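Peer 1: sequence unavailable; structure follows:
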């Protein structure tokens, strides 16, 4: 007990903010009337060489003589703070399926609130992760369906990814929409990662630490850089991360052209650049780009990388000693990091910072769990629904067979880079909570080869009136450092499905996964398919609501679902977006199993009165000029022709004649009508709804068009929906 008291006293002593007491309080950098950049300059000017270099690694030590506390720059908050007993939202690929920027921003506001509380409650002294600088979001393009980390992104579309990044970053760093908004301080520092052209873990005998991505200038401009440019120019992100891979022979963390020329020079980035963890060491160790550690560290510094997530920057001592690096160059890098620490209020009286007043009760609060539930609902995509198999009728269905390797797996629901809530309801538990009688069998494991459970699953199906089959993937199949080699369901999942379909009972498949699956046989032979992604801590509730019609799934695919043979047609190492058969919905020339933007509803719609207002710059011939508004506005009258007003009236697919697909319109806020089930009602027309839609050309346009990804060109637009 005495040891615990001493520990608590030590914690209390650590709470004193750096500028609280003399002699530090008299230092000019404690003057809160000065801007953060000037305060950082005044502080860093007092650091010696032996103090500067250690500040350039992520786990930076204290400098007691200057009042600088130890600090770890590495925290994670991809879809919730990576900590214990926090709110866990859906994986970003599911959030991309919601096409709802307001939802993403509200999620980021919630995540950053929990992050502030964890920091204020001094978790950094207990946990390795818990600061105010977050290595999120992942805004790489999901260019290949095999990529193990595609689940961390909002999808394959550059525009959607850019807008997602803007919403997430502004929500994390501080937004007027935040109830605790403080215009004086930053709430957190977000990090746009991984720049650039990163979308391979370990494939074709090459891993991310060795991979040299051969990328054309056109693909860099159209696909691999736009989301990062939007993060810098529009979201004002304060941190950016260089990736493990090289591009055209140059490791990204050693590329002066990319980080000093493009990111800082052209885009005006004013934050700090950090390496992916140990990526600077890869310049020397795996890319063999230079013959010495000191030279590798100097190349990264001269490229514009200020912070090393790792220990390799300690070789900057050697770089200075041999004349490769000047001390003033070190000061510039350290000033950039301390500018953000001052902007966060980390040296000032906590009472002066409104973010420090966020109550601890906000962590996993009812409001945050409700938001996580809404996010999980909106991520659901209905891909098949033959003969109106869904929603299930509670009055008619007395017994359900709940089967599958993901039916009672709570961990799979959370995805990766996730926090760990203390209890996560599984799909089995959520269905049991409805009161319907349930027979449960796993049937098979995710990737195992045992057939012992299939016979029991078949018996459960025969004794039930409907089968709900939870299939898919987990982190053993797709994850950081692990790409898939096949798009098929692993193990005996397809065998299990065929055996259950053979019983003649209706089979509803729910997919729990991150990357696209080539489930051709399933899509043609089961009664319904619901894509749920990795839906987070409230995912099981959202899935159950959709199964029983308490919620109408209205998500749309943010990625293309390719046929199984796609992986044999193009190597994962091929970065050319147009290489046959093409990548993503913009360039794929084959027939997808499910196309980008696809998704059904429990109701039907009629579309009419499609009108277009093209940008004025087309008539003026001025669309190539900087600042030109390149967006086209389309108005579509949507009429609910189904049997209930409770159902979503969002178009499931938008297509263009002669041009490639148009992304589903991004919603600024969730539709008020899409909530829980009400009594059946006669079909009534919906009010006309306007959607801001930007179009993508088949041919390259001027740089301004590349930046916005979708150049308005006079193409016909047809809108359709199907409920089968």
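Peer 2: Arrived safely, thanks for sending. Keep in mind that what you see is a predicted model, and the values were worked out from it rather than measured. Numbers count the residues shown, from 1 in each chain.
Peer 1: alpha carbons only for contacts and neighbour counts from here, please
Peer 2: Fine.
Peer 1: quick one: the helices in the stretch 151-300 of the chain, in order.
Peer 2: 158-173, 217-219, 226-233, 256, 279-285, 293-303 (DSSP state H, counting those that start in this stretch).
Peer 1: chain center to the fifth one: distance?
Peer 2: Taking the mean C-alpha point of helix 279-285 and that of its whole chain, the gap between them comes to 26 Å (Cα atoms, centre = their mean, to the nearest Å).
Peer 1: make 29 the first number, not 1, from now on.
Peer 2: New numbering, starting at 29: the last item is helix 307-313.
Peer 1: returning to what we had before: which of the helices of the stretch 179-328 of the chain is buried the deepest?
Peer 2: helix 186-201 (a mean of 27; mean count of other Cα atoms under 10 Å).
Peer 1: and that helix, what does it pack onto?
Peer 2: Secondary-structure packing of helix 186-201 (3 or more Cα pairs under 8 Å, 6 or more residues apart in numbering; DSSP states H and E): helix 120-126, helix 129-148, helix 254-261.
Peer 1: reformat the ones you listed as a markdown table; add distance to residue 237 and mean pLDDT.
Peer 2: Listed next are the helices and strands packed on helix 186-201 as a markdown table, based on distance: least, Cα to Cα, whole Å; pLDDT from 0 to 100:
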| stretch | distance to residue 237 | mean pLDDT |
| --- | --- | --- |
| helix 120-126 | 24 | 98 |
| helix 129-148 | 30 | 96 |
| helix 254-261 | 21 | 98 |
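Peer 1: low-scoring stretches of the stretch 429-578 of the chain, by residue?
Peer 2: Within the stretch 429-578 of the chain, no stretch has pLDDT under 70.
Peer 1: any chance you could map the strands in it?
Peer 2: Using DSSP state E, counting those that start in this stretch, the strands of the stretch 429-578 of the chain run over residues 465-469, 494-500, 535-540, 556-559.
Peer 1: what's the angle between the third one and strand 494-500?
Peer 2: Interaxial angle, strand 535-540 versus strand 494-500 (axes from the mean of the first three to the mean of the last three Cα atoms, to 10 degrees): 30 degrees.
Peer 1: what comes into contact with strand 535-540?
Peer 2: Contact partners of strand 535-540, identified using Cα atoms under 8 Å, 6 or more residues apart in numbering, comprise 417, 434, 440-441, 494-502, 528-529, 554-563.
Peer 1: look up how far residue 173 lies from residue 366.
Peer 2: Distance, residue 366 to residue 173, by Cα to Cα, to the nearest Å: 39 Å.
Peer 1: look at those two and report which has more neighbours.
Peer 2: residue 173 (30 against 24; other Cα atoms under 10 Å).
Peer 1: for residue 179, which of the helices of the stretch 179-328 of the chain is the nearest?
Peer 2: With Cα to Cα as the measure, helix 186-201 is the member of those nearest residue 179 (12.6 Å).
Peer 1: just to revisit the earlier point, nearest to residue 371, out of the strands of the stretch 429-578 of the chain?
Peer 2: Once the strands of the stretch 429-578 of the chain are compared by Cα to Cα, strand 535-540 is nearest, at 40.3 Å.
Peer 1: strands paired with that closest one, and their directions?
Peer 2: Strand 535-540 sits in its sheet next to strand 494-500 (parallel), strand 556-559 (parallel), going by DSSP bridges.
Peer 1: surely residue 336 is in contact with residue 310?
Peer 2: No. Contact criterion Cα atoms under 8 Å: residue 336 and residue 310 do not qualify, at 11.7 Å.
Peer 1: burial measure for residue 504, as a count.
Peer 2: Residues lying near residue 504 (other Cα under 10 Å) number 12.
Peer 1: so what does it look like in phi/psi?
Peer 2: Phi and psi for residue 504, reported as degrees, to the nearest 10, are phi -80, psi -20.
Peer 1: how close does it get to residue 438?
Peer 2: Distance from residue 504 to residue 438, by Cα to Cα: 14 Å.
Peer 1: what does residue 310 give?
Peer 2: Using Cα to Cα, we find residue 310 at a distance of 36 Å from residue 438.
Peer 1: where does residue 520 fall, phi/psi-wise?
Peer 2: Dihedral angles (degrees, to the nearest 10) for residue 520: phi -100, psi 20.
Peer 1: wait, it touches residue 472, no?
Peer 2: Yes. Counting by Cα under 8 Å, residue 520 does reach residue 472; the two are 6.6 Å apart.
Peer 1: return every residue with contacts to both of the two.
Peer 2: With Cα under 8 Å, 6+ apart, residue 520 and residue 472 have common neighbours 478, 479.
Peer 1: neighbour count: the two, which is higher?
Peer 2: Neighbours per residue (other Cα under 10 Å) separate residue 520 from residue 472, with residue 472 holding more: 24 against 18.
Peer 1: surely the more buried one touches residue 484?
Peer 2: No. Counting by Cα under 8 Å, residue 472 does not reach residue 484; the two are 10.2 Å apart.
Peer 1: which regions of the stretch 579-728 of the chain lie under the pLDDT threshold?
Peer 2: Ranges of the stretch 579-728 of the chain meeting pLDDT under 70: 672-728.
Peer 1: please redo it, this time with the cut-off set to 50
Peer 2: For the stretch 579-728 of the chain, residues meeting the criterion pLDDT under 50 lie at 673-693, 695-728.
Peer 1: tell me where it has helices.
Peer 2: 612-615, 644-648.
Peer 1: over to the stretch 379-528 of the chain?
Peer 2: In the stretch 379-528 of the chain, helices defined by DSSP H, counting those that start in this stretch lie at 394-407, 455-460, 480-490, 521-529, listed in chain order.
Peer 1: state the mean pLDDT of the first one.
Peer 2: Which is helix 394-407. When pLDDT is averaged over helix 394-407, the result is 98.
Peer 1: so for stretch 481-494, what gets flagged as buried?
Peer 2: With burial defined by 16 or more other Cα atoms under 10 Å, the residues of stretch 481-494 counted as buried are 482, 484, 485, 486, 488, 489, 490, 492, 493, 494.
Peer 1: widest-spaced pair of the residues you listed?
Peer 2: Within these, 482 and 493 form the most distant pair, 17.8 Å apart (Cα to Cα).
Peer 1: measure stretch 625-640 end to end?
Peer 2: One end of stretch 625-640 to the other measures 20 Å (Cα to Cα).
Peer 1: would you mind finding the most buried of the helices of the stretch 579-728 of the chain?
Peer 2: Burial of the helices of the stretch 579-728 of the chain is given as mean neighbour count (mean count of other Cα under 10 Å); helix 612-615 ranks first at a mean of 22.
Peer 1: am I right that residue 254 is in contact with residue 186?
Peer 2: Yes. Taking Cα under 8 Å as the definition, residue 254 is a contact partner of residue 186 at 6.6 Å.
Peer 1: dump the strands paired with strand 535-540 to TSV, plus distance to residue 456.
Peer 2: Shown next, in TSV, are those (distance: least, Cα to Cα, whole Å):
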stretch	distance to residue 456
strand 494-500	9
strand 556-559	16
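Peer 1: and of those, who's closest to residue 132?
Peer 2: Across the strands paired with strand 535-540, closest to residue 132 is strand 556-559 (Cα to Cα), at 19.2 Å.
Peer 1: rewinding a little: tabulate the helices of the stretch 179-328 of the chain (JSON lines), appending distance to residue 449.
Peer 2: JSON lines is the format used below for these (distance: least, Cα to Cα, whole Å):
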{"stretch": "helix 186-201", "distance to residue 449": "21"}
{"stretch": "helix 245-247", "distance to residue 449": "40"}
{"stretch": "helix 254-261", "distance to residue 449": "30"}
{"stretch": "helix 284", "distance to residue 449": "42"}
{"stretch": "helix 307-313", "distance to residue 449": "31"}
{"stretch": "helix 321-331", "distance to residue 449": "38"}
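Peer 1: residue 340: which of those is closest?
Peer 2: With Cα to Cα as the measure, helix 307-313 is the member of the helices of the stretch 179-328 of the chain nearest residue 340 (5.8 Å).
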